[in-house]
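Show me how the following folds:
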Amino acid sequence: MPSPTVDTVALADAQRELERQLEERLAVIQELAPFALPSVDPVTCQTAASHRLAVEQITAALNRIAQGTYGRCSRCGRQIPPARLEVLPHADTCIECQSHAEAA
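This is a model prediction of the structure:
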């Protein structure tokens, strides 16, 4: 049996981290649910919305891993730098494309 490559190991590490973050975010959403209504607590409502957005981003990243496209920019197709993925494992764009999107 061949030993896993560095890329394979890094991908497995990223998947584990994303799964951990997903579980964590889902637990927070569940905890906030009773109070996450604008009329009850607007701050909690916004916090829950932020966590739901993160869940969507993390789920999309896990889907990219399953499809074999994880680590490629969704806008230009270039490789996303490993350092960016280390800091933001659910990133779907390279820094340059993200900067352009934010500037627009």
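
Give me the residue at the spatial middle of the protein.
Ranked by distance to the mean C-alpha position of the chain (Cα atoms, centre = their mean), the top residue is residue 90 at 2.6 Å.

need the helices for this protein, in chain order.
Along the chain, counting by DSSP state H, helices occupy 6-32, 42-67, 82-87, 95-103.

so which of those gets nearest residue 75?
Ranking the helices of the chain by proximity to residue 75 (Cβ to Cβ) places helix 95-103 first, at 4.1 Å. C-beta here means a position set from N, CA and C on the backbone, and glycine is covered the same way.

What residues does the closest residue to residue 22 other than its chain neighbours make contact with?
Of all residues not flanking residue 22 in the chain, residue 58 sits nearest, at 4.8 Å (Cβ to Cβ, 6 or more residues apart in numbering). Shown in contact with residue 58 (Cβ atoms under 8 Å, 6 or more residues apart in numbering): 18, 21, 22, 25, 89, 90.

If we use 10 Å, what do you get?
Applying Cβ atoms under 10 Å, 6 or more residues apart in numbering to residue 58 gives the contacts 17, 18, 19, 20, 21, 22, 23, 24, 25, 26, 89, 90.

I'd like to know which of those residues are buried.
17, 18, 21, 22, 25, 89, 90 (16 or more other Cβ atoms under 10 Å).

Next, format the residues you listed as JSON lines and append distance to residue 38 and pLDDT.
Output for the buried ones among the contacts of residue 58, formatted as JSON lines (distance: Cβ to Cβ, whole Å; pLDDT from 0 to 100):
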{"residue": "17", "distance to residue 38": "32", "pLDDT": "96"}
{"residue": "18", "distance to residue 38": "30", "pLDDT": "97"}
{"residue": "21", "distance to residue 38": "26", "pLDDT": "97"}
{"residue": "22", "distance to residue 38": "25", "pLDDT": "98"}
{"residue": "25", "distance to residue 38": "20", "pLDDT": "97"}
{"residue": "89", "distance to residue 38": "31", "pLDDT": "94"}
{"residue": "90", "distance to residue 38": "27", "pLDDT": "96"}
